[in-house]
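sequence and computational prediction follow.
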Protein chains: 2
Amino acid sequence: RMLFDARNAPYIRWGEDGHTVLIANPHGFATKIIPQYFKHSNLASFIRQLNVYGFHKTTQDPDICEFAHTNFKRDEPALMQNIRRK
Amino acid sequence: RMLFDARNAPYIRWGEDGHTVLIANPHGFATKIIPQYFKHSNLASFIRQLNVYGFHKTTQDPDICEFAHTNFKRDEPALMQNIRRK
DNA sequence: GGGAATATTCCC
DNA sequence: GGGAATATTCCC
């Protein structure tokens, strides 16, 4: 839902190819967007959940906050059903 | 902390003898007080935590929402250290 | 009232 | 990035 709401795009959006999640403004994302969907405003807790559900960081570059999951693609939403808690 | 803040007394306070926790106004307590201390506003979730920490309802009367714990007494705060998660 | 799933936090 | 403790939810 976050990714399909265009108002969130400055903070979190699909990567170029629709195969990744790009947190473009981590600080703004944490303070403004996370609490609209979760009961906290901590980036670390959000990323902990990404990892629990099998997402992984796409690069080791600490300045780029981007995650991917085999079954999470913008144009194949049906795949999302296969995403499971570890 | 809730019980020692006099502003909360209309909603939650010590029982007469200081040996029980009285939720005097459950609905108001849930909506106004719980979210000041926790990340939710559900009475059931608050009571779930009371039970996890060993508190028990003092009466089966559903109109009286009062809980007790051997180590939770107003005038013996040092006892609280013995309260443990089950 | 409590077991269990999931969320959030804490810590390594 | 993930194990584990605790919080919150869900369900019986």
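Everything's here; your move.

what mean pLDDT would you report for the helix ranked longest in chain A?
In chain A, ranked by residue count with DSSP state H as the criterion, the top helix is helix A:43-52. In this model, helix A:43-52 carries a mean pLDDT of 98.

distance between it and the chain's centre?
Chain-centre distance of helix A:43-52: 9 Å, with C-alpha atoms, centre = their mean, to the nearest Å.

tell me if that helix is near DNA strand C.
Yes: judged by C-beta under 7 Å from any atom of the strand, helix A:43-52 and DNA strand C are in contact via A:44, A:45, A:48, A:49, A:52. Bear in mind the C-beta positions are built from the backbone N, C-alpha and C, glycine included.

confirm residue A:22 sits in a strand?
Yes: per DSSP: H, G, I helix; E, B strand; the rest coil, residue A:22 lies within a strand segment.

quick one on the thing from earlier: which residues sit against the longest helix of chain A?
Residues from elsewhere that reach helix A:43-52 (C-beta atoms under 8 Å, 6 or more residues apart in numbering or on different chains): A:21, A:23, A:26, A:27, A:29, A:30, A:34, A:38, A:67, A:85, A:86.

who does the spatially most central residue of chain A bridge with?
In chain A, the residue lying closest to the centroid (C-alpha atoms, centre = their mean) is residue A:21, at 4.5 Å. When assigned by DSSP bridges, residue A:21 has beta-bridge partners residue A:14, residue A:67.

and the pLDDT at it?
98.

ok, it - contacts?
Neighbours of residue A:21 in contact, by C-beta under 8 Å, 6+ apart: A:3, A:12, A:14, A:15, A:50, A:55, A:66, A:67, A:68, A:72.

which of those residues are close to DNA strand D?
Among these, proximity to DNA strand D is found for residue A:67 (C-beta under 7 Å from any atom of the strand).
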